[in-house]
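Peer 1: sequence below, structure please.
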Amino acid sequence: MMTPMHPHELIQNYGYIAVFVAGLFEGETMLMLGAYAVREGYLHFWPLIACGASAAFLSDQFYFHLGRRKGADLLSTRPKLSAHIQRVTGFVDRHPIATIFLMRFAWGLRIALPATLGMGRMQAAVYAGIDALAAVLWAIVIAVFGIKLTGWIHAEVGKLHPYEHDLIVGAVVIAVGVALFRQWRVRR
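Peer 2: Next comes the predicted model:
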């Protein structure tokens, strides 16, 4: 009979995988949880950045190429997506490189912005190169913020160790719920 893993072992063994997989749908929450795990010594900073940035990059690439190949079809069948894209098209056309760096922080427009870029004139290779850099910078900013926030919480509230498993489970449930809700909303 196998002995169940302690939550610390689960985080150490599967934390990077969890950050990557969940990061494909809801990046900040899982990256912040990963930052907490880094601060507590369960994970390491640079592999966490690699997982978070890779997930961000892949999801951006997916929506860019979806916009490139199916943009007109999607706009004709999804009026809400069309409205989002209409709202951002002017900015994207005037500032495509700024859009790539800012889109990871534009909650609610993370599908529309890369899709809009994909429907534009930017070459896929240029987009991929700039997006890779932007994804790494985004992952560093979010992880450092998460580490600093965790430090502040520890200083202000006290050690979270007695509650860390409940907090992690709660945050994962919230992240999955938000991701599912967003997918449901996009598909509606």
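
Peer 1: so what's residue 74 closest to, chain neighbours aside?
Peer 2: Once flanking residues are discounted, residue 74 sits nearest to residue 81: 6.0 Å by C-beta to C-beta, 6 or more residues apart in numbering. To be clear about C-beta, it is placed using only N, CA and C from the backbone, and glycine gets the same treatment.

Peer 1: tell me which element that neighbour falls in.
Peer 2: Assessed by DSSP states H and E, residue 81 sits inside helix 79-94.

Peer 1: what secondary structure does the closest residue to residue 12 other than its chain neighbours sit in?
Peer 2: In space, and not counting its chain neighbours, residue 12 is closest to residue 42: 5.2 Å by C-beta to C-beta, 6+ apart. When classified by DSSP: H, G, I helix; E, B strand; the rest coil, residue 42 comes out as coil.

Peer 1: quick one, phi/psi of residue 42?
Peer 2: In terms of degrees, to the nearest 10, the main-chain angles of residue 42 are phi -80, psi -30.

Peer 1: hmm, it is touching residue 9, no?
Peer 2: No - judged on C-beta atoms under 8 Å, residue 42 makes no contact with residue 9 at a distance of 9.2 Å.

Peer 1: more neighbours, these two?
Peer 2: For residue 42 and residue 9, the more surrounded residue by other C-beta atoms under 10 Å is residue 42, and the numbers stand at 18 against 11.

Peer 1: how much space between the more buried one and residue 63?
Peer 2: 31 Å (C-beta to C-beta, to the nearest Å).

Peer 1: what does residue 15 give?
Peer 2: Taking C-beta to C-beta, one finds residue 15 at 26 Å from residue 63.

Peer 1: who's more crowded, those two?
Peer 2: Shown here are residue 15 and residue 63; by other C-beta under 10 Å, residue 15 has more neighbours (23 against 20).

Peer 1: need the contact list for that one.
Peer 2: Shown in contact with residue 15 (C-beta atoms under 8 Å, 6 or more residues apart in numbering): 34, 37, 42, 43, 48.

Peer 1: centroid residue for this protein?
Peer 2: Computing the C-alpha centroid of the chain and ranking residues by C-alpha atoms, centre = their mean puts residue 27 first, at 2.2 Å.

Peer 1: contacting residues around residue 85?
Peer 2: Contacts of residue 85 (C-beta under 8 Å, 6+ apart): 75, 112, 115, 116, 119.

Peer 1: mind doing that once more with 10 Å?
Peer 2: Residue 85 makes contact with 67, 71, 74-75, 78, 92, 109, 111-113, 115-116, 119, according to C-beta atoms under 10 Å, 6 or more residues apart in numbering.
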